[in-house]
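Undergrad: Below are the sequence and a predicted model; questions follow.
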Amino acid sequence: MTRLVNRDRSLQELERERWSAPSGDETRLMATVRELRRKPIGGLTVEDMRLLIRQNVGLAHLLPLAVEVLRSDPLAEGDMYEGDLLAAVLTRDAGVWIDYPELRREVRSIVSELADVSPALKRDVEGFLAR
(Lines give C-alpha, C1' and ligand atoms only; values in the text may rest on other atoms or scores of the structure.)
Protein backbone atom coordinates (compact mmCIF):
# COMPACT_ATOMS: atom_id res chain seq x y z
CA MET A 1 0.00 0.00 0.00
CA THR A 2 1.36 3.38 -0.93
CA ARG A 3 0.22 6.25 1.19
CA LEU A 4 1.50 9.73 0.56
CA VAL A 5 2.37 11.54 3.71
CA ASN A 6 4.51 14.60 4.25
CA ARG A 7 7.48 13.20 6.13
CA ASP A 8 8.68 16.72 6.92
CA ARG A 9 5.73 17.22 9.24
CA SER A 10 5.37 16.05 12.82
CA LEU A 11 2.53 14.02 14.27
CA GLN A 12 1.48 17.17 16.07
CA GLU A 13 1.15 18.94 12.71
CA LEU A 14 -0.38 16.00 10.85
CA GLU A 15 -2.97 15.37 13.54
CA ARG A 16 -3.57 19.10 14.06
CA GLU A 17 -3.55 18.53 17.77
CA ARG A 18 -1.32 20.13 20.34
CA TRP A 19 -1.13 18.35 23.65
CA SER A 20 -1.52 20.44 26.76
CA ALA A 21 1.56 21.50 28.69
CA PRO A 22 3.16 18.68 30.69
CA SER A 23 2.22 18.30 34.29
CA GLY A 24 4.87 18.32 36.97
CA ASP A 25 4.54 14.59 37.51
CA GLU A 26 4.83 13.49 33.87
CA THR A 27 6.73 10.23 33.44
CA ARG A 28 9.89 10.05 31.35
CA LEU A 29 8.01 7.86 28.88
CA MET A 30 5.30 10.46 28.36
CA ALA A 31 7.87 13.25 28.10
CA THR A 32 9.58 11.25 25.36
CA VAL A 33 6.28 10.65 23.57
CA ARG A 34 5.49 14.37 23.78
CA GLU A 35 8.91 15.20 22.32
CA LEU A 36 8.62 12.63 19.52
CA ARG A 37 5.23 14.01 18.51
CA ARG A 38 7.03 17.25 17.60
CA LYS A 39 9.71 15.54 15.48
CA PRO A 40 9.20 15.25 11.68
CA ILE A 41 7.98 11.71 11.06
CA GLY A 42 10.58 11.19 8.34
CA GLY A 43 13.24 11.55 11.03
CA LEU A 44 11.79 8.99 13.41
CA THR A 45 14.00 5.99 14.09
CA VAL A 46 12.80 2.40 14.41
CA GLU A 47 12.94 2.85 18.18
CA ASP A 48 10.92 6.07 18.01
CA MET A 49 8.22 4.34 15.93
CA ARG A 50 8.23 1.31 18.22
CA LEU A 51 7.75 3.47 21.28
CA LEU A 52 4.98 5.61 19.77
CA ILE A 53 3.13 2.63 18.30
CA ARG A 54 3.27 0.80 21.65
CA GLN A 55 1.63 3.87 23.18
CA ASN A 56 -1.02 3.97 20.40
CA VAL A 57 0.12 7.42 19.35
CA GLY A 58 -0.14 8.53 15.73
CA LEU A 59 -1.11 5.11 14.40
CA ALA A 60 -2.75 6.51 11.26
CA HIS A 61 0.60 7.95 10.22
CA LEU A 62 3.04 5.55 11.85
CA LEU A 63 1.63 2.17 10.91
CA PRO A 64 2.20 2.79 7.17
CA LEU A 65 5.78 3.92 7.91
CA ALA A 66 6.41 0.93 10.16
CA VAL A 67 5.08 -1.47 7.52
CA GLU A 68 7.38 0.17 5.00
CA VAL A 69 10.34 -0.61 7.27
CA LEU A 70 9.09 -4.14 7.95
CA ARG A 71 8.74 -4.82 4.23
CA SER A 72 12.50 -4.53 3.84
CA ASP A 73 13.46 -5.80 7.31
CA PRO A 74 10.73 -7.77 9.11
CA LEU A 75 12.90 -8.10 12.22
CA ALA A 76 13.88 -4.42 12.40
CA GLU A 77 15.14 -3.67 15.87
CA GLY A 78 14.72 -0.65 18.09
CA ASP A 79 16.35 -0.62 21.51
CA MET A 80 14.64 -3.70 22.91
CA TYR A 81 15.17 -6.84 20.80
CA GLU A 82 15.21 -8.15 17.25
CA GLY A 83 11.70 -7.80 15.86
CA ASP A 84 10.50 -5.29 18.46
CA LEU A 85 8.96 -3.01 15.81
CA LEU A 86 7.04 -5.95 14.37
CA ALA A 87 5.87 -6.92 17.86
CA ALA A 88 4.61 -3.37 18.43
CA VAL A 89 2.66 -3.47 15.17
CA LEU A 90 1.27 -6.98 15.74
CA THR A 91 0.01 -6.28 19.24
CA ARG A 92 -2.17 -3.29 18.43
CA ASP A 93 -5.80 -3.78 19.32
CA ALA A 94 -7.74 -5.76 16.72
CA GLY A 95 -10.06 -2.79 16.24
CA VAL A 96 -7.20 -0.72 14.83
CA TRP A 97 -6.95 -2.99 11.80
CA ILE A 98 -10.59 -2.42 10.84
CA ASP A 99 -9.56 1.06 9.71
CA TYR A 100 -6.50 -0.23 7.82
CA PRO A 101 -7.45 -3.45 5.99
CA GLU A 102 -4.76 -3.03 3.30
CA LEU A 103 -2.06 -2.59 5.93
CA ARG A 104 -3.38 -5.61 7.79
CA ARG A 105 -3.13 -7.72 4.63
CA GLU A 106 0.40 -6.49 4.08
CA VAL A 107 1.42 -7.31 7.66
CA ARG A 108 -0.12 -10.78 7.25
CA SER A 109 1.97 -11.25 4.11
CA ILE A 110 5.14 -10.12 5.89
CA VAL A 111 4.67 -12.46 8.85
CA SER A 112 3.67 -15.39 6.65
CA GLU A 113 7.18 -15.33 5.21
CA LEU A 114 8.93 -15.42 8.60
CA ALA A 115 10.56 -18.72 9.40
CA ASP A 116 12.67 -18.68 12.53
CA VAL A 117 11.60 -16.20 15.22
CA SER A 118 11.80 -16.08 18.99
CA PRO A 119 9.02 -17.77 21.00
CA ALA A 120 7.70 -14.38 22.17
CA LEU A 121 7.53 -12.99 18.65
CA LYS A 122 6.01 -16.23 17.40
CA ARG A 123 3.25 -15.82 19.99
CA ASP A 124 2.59 -12.25 18.74
CA VAL A 125 2.50 -13.48 15.12
CA GLU A 126 0.08 -16.28 15.99
CA GLY A 127 -2.14 -13.90 17.94
CA PHE A 128 -2.25 -11.45 15.03
CA LEU A 129 -3.02 -14.17 12.49
CA ALA A 130 -5.75 -15.64 14.69
CA ARG A 131 -7.75 -12.39 14.67
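TA: Perfect, thanks for sending it. Numbering: from 1, shown residues only.

Undergrad: Figure out the helix or strand that the residue nearest the centre of the chain lives in.
TA: Nearest to the geometric centre of the chain sits residue 53, at 3.7 Å (C-alpha atoms, centre = their mean). Take DSSP states H and E as the rule and residue 53 turns out to sit in helix 46-54.

Undergrad: So which residues make contact with that helix?
TA: 11, 29, 32-33, 36-37, 39, 44, 58-59, 62-63, 65-66, 69, 76-80, 84-85, 88-89, 91-92 (C-beta atoms under 8 Å, 6 or more residues apart in numbering). C-betas here are computed from N, CA, C, even on glycine.

Undergrad: for stretch 107-119, same thing?
TA: 67, 70-71, 74-75, 81-83, 86, 89-90, 125, 128-129.

Undergrad: Same check on stretch 86-95?
TA: With C-beta under 8 Å, 6+ apart, stretch 86-95 has contacts from 49-50, 53-54, 56, 59, 63, 66-67, 70, 74-76, 107, 110-111, 120-121, 124-125, 127-128, 131.
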